[in-house]
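**Q** Next come a sequence and a model predicted from it.
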Amino acid sequence: DGGITQSPKYLFRKEGQNVTLSCEQNLNHDAMYWYRQDPGQGLRLIYYSQIVNDFQKGDIAEGYSVSREKKESFPLTVTSAQKNPTAFYLCASMRSGKSTDTQYFGPGTRLTVL
Amino acid sequence: GESVGLHLPTLSVQEGDNSIINCAYSNSASDYFIWYKQESGKGPQFIIDIRSNMDKRQGQRVTVLLNKTVKHLSLQIAATQPGDSAVYFCAENAGNMLTFGGGTRLMVKP
């Protein structure tokens, strides 16, 4: 069963804690992306990676960090420096990053800060 | 449509009617466009795409129209069903990145 998986589905964090959101894909896609979605809003790009061991900041990277040690995995860490982390986080992947490629999304992780 | 703060533009249609959702895109260099459907609490799902060398593409019950002159994209859903209720996003690809529109909420009345 091919696709993109994210875990956990729901995550609760206390203020001052770092948390890591998992994203795995078995589509053999080169590019992976993390987005943040706030209620009633569109998607905002946090980080992206077009190849293993390389990643770039998106529009709202402050307070977040990523790694891309394996092609199939792109975990996102929400650090204590992120002042308003409560949101819905979406991971996506794309085959090669070409302009005619489609991004496919995972089911999302809802993070709530207590 | 574009979102305004917490209030997404909403389109309310009667079950069985046709729906038309509109999107204005920003980059005249974009050469690929995608429509996504997002149900509550889920990730966006791919619906249909279109390349810039086309002005119309049809799928099953859905049609996408592209007007490059005015940078406008529309999604038409025929015989709208309750299961079509969701937020619909357009996205444009001008390289290796997608830029998303703010989304439109479609509500289907039984």
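**A** Yep, that arrived. Numbers count the residues shown, from 1 in each chain, chains lettered A, B, ... in the order given.

**Q** can you map out the strands along the chain?
**A** Chain wasn't specified; assuming chain A. A:4-7, A:10-13, A:19-25, A:31-37, A:43-51, A:54-57, A:64-66, A:76-78, A:87-94, A:103-105, A:109-113 (DSSP state E).

**Q** my bad, chain B
**A** B:10-14, B:19-24, B:32-38, B:45-51, B:56-58, B:62-67, B:72-77, B:86-93, B:98-100, B:104-109.

**Q** who does the residue lying closest to residue A:47 once chain neighbours are set aside bridge with?
**A** Leaving out its chain neighbours, the residue that sits closest to residue A:47 by Cβ to Cβ, 6 or more residues apart in numbering or on different chains is residue A:66, at 4.5 Å. For glycine as for every other residue, the C-beta is placed from the backbone atoms N, C-alpha and C. Counting by DSSP bridges, residue A:66 is bridged to residue A:76.

**Q** Is it correct that residue A:53 is in contact with residue A:69?
**A** Yes - Residue A:53 is in contact with residue A:69 according to Cβ atoms under 8 Å; the separation is 7.0 Å.

**Q** Residues of chain B that sit close to chain A?
**A** B:3, B:5-8, B:31-32, B:34, B:36, B:41-46, B:49, B:51, B:89, B:91, B:93-98, B:100-103 (Cβ under 8 Å from any Cβ of the partner chain).

**Q** Return the distance of the residue nearest to residue A:47 relative to residue B:28.
**A** 31 Å (Cβ to Cβ, to the nearest Å).
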